[in-house]
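K.L.:
Got a sequence here, can you build the structure:
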Amino acid sequence: MIGTQRLLQMNELNEMRRESYVSLRIYKERLKLFHDKNIVRKTFKPHQKVLLYSSRLHVFPGKLRSRWTRPFIVKVVHPYGAVEIENLETRKIYKVNG
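P.N.:
Below you'll find the model as predicted:
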């Protein structure tokens, strides 16, 4: 009698756990859709001037220091968002994600 009652309680806990996983998955899917619809894709053209954003983790970034670096010229736009940019000062070419 006590063993069957304990088994029923464990089954109820397992069912509640499954329901919470399902509701969490639905919540994450909705949140992802909400955030993804606000993403604006950038399109680059050759010979366009752009600034490069430094996304490195800074421990103490400083309030007035900009994360954008000097202007670059877009050389080649590859499919799937890769872009080759050229530094105007050193003429060095970098391949970055668009």
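
K.L.:
Need the residues that contact stretch 3-22.
P.N.:
Counting contacts by C-beta atoms under 8 Å, 6 or more residues apart in numbering, no residue outside stretch 3-22 touches it. (Each C-beta comes from the backbone N, C-alpha and C, glycine too.)

K.L.:
what comes up buried for that stretch?
P.N.:
The neighbour-count check on stretch 3-22 (16 or more other C-beta atoms under 10 Å) flags nothing as buried.

K.L.:
could you give me the average pLDDT of it?
P.N.:
If you average the pLDDT over stretch 3-22, you get 92.

K.L.:
what's in contact with the lengthiest strand in the chain?
P.N.:
Secondary structure of the chain read by DSSP state E shows that its longest strand is strand 68-77. Here strand 68-77 makes contact (C-beta under 8 Å, 6+ apart) with 44-54, 83-89, 93-94, 98.

K.L.:
filter the residues you listed to the buried ones?
P.N.:
Listed as buried from the contacts of strand 68-77 are 50, 83-86; burial here means 16+ other C-beta under 10 Å.

K.L.:
Now, these that are in strands?
P.N.:
Per DSSP E, strands hold the following members of the buried ones among the contacts of strand 68-77: 50, 83-86.

K.L.:
Hmm, which of those is lowest in pLDDT?
P.N.:
Lowest pLDDT among those: V50, with 88.

K.L.:
Which residue, neighbours along the chain excluded, lies closest to that residue?
P.N.:
Nearest residue to V50 in three dimensions, chain neighbours excluded: F72, at 5.4 Å (C-beta to C-beta, 6 or more residues apart in numbering).

K.L.:
ok, the one you found - how many residues close by?
P.N.:
Using other C-beta atoms under 10 Å, F72 has 22 other residues around it.

K.L.:
Specify the beta-bridge partners of it.
P.N.:
When assigned by DSSP bridges, F72 has beta-bridge partners V50, N87.

K.L.:
Against K28, how distant is it?
P.N.:
Distance from F72 to K28, counting by C-beta to C-beta, to the nearest Å: 36 Å.

K.L.:
Then Q5?
P.N.:
35 Å.

K.L.:
quick one: low-confidence ranges for the chain?
P.N.:
Judged by pLDDT under 70, the chain has its weakly predicted residues at 1, 56-66, 98.
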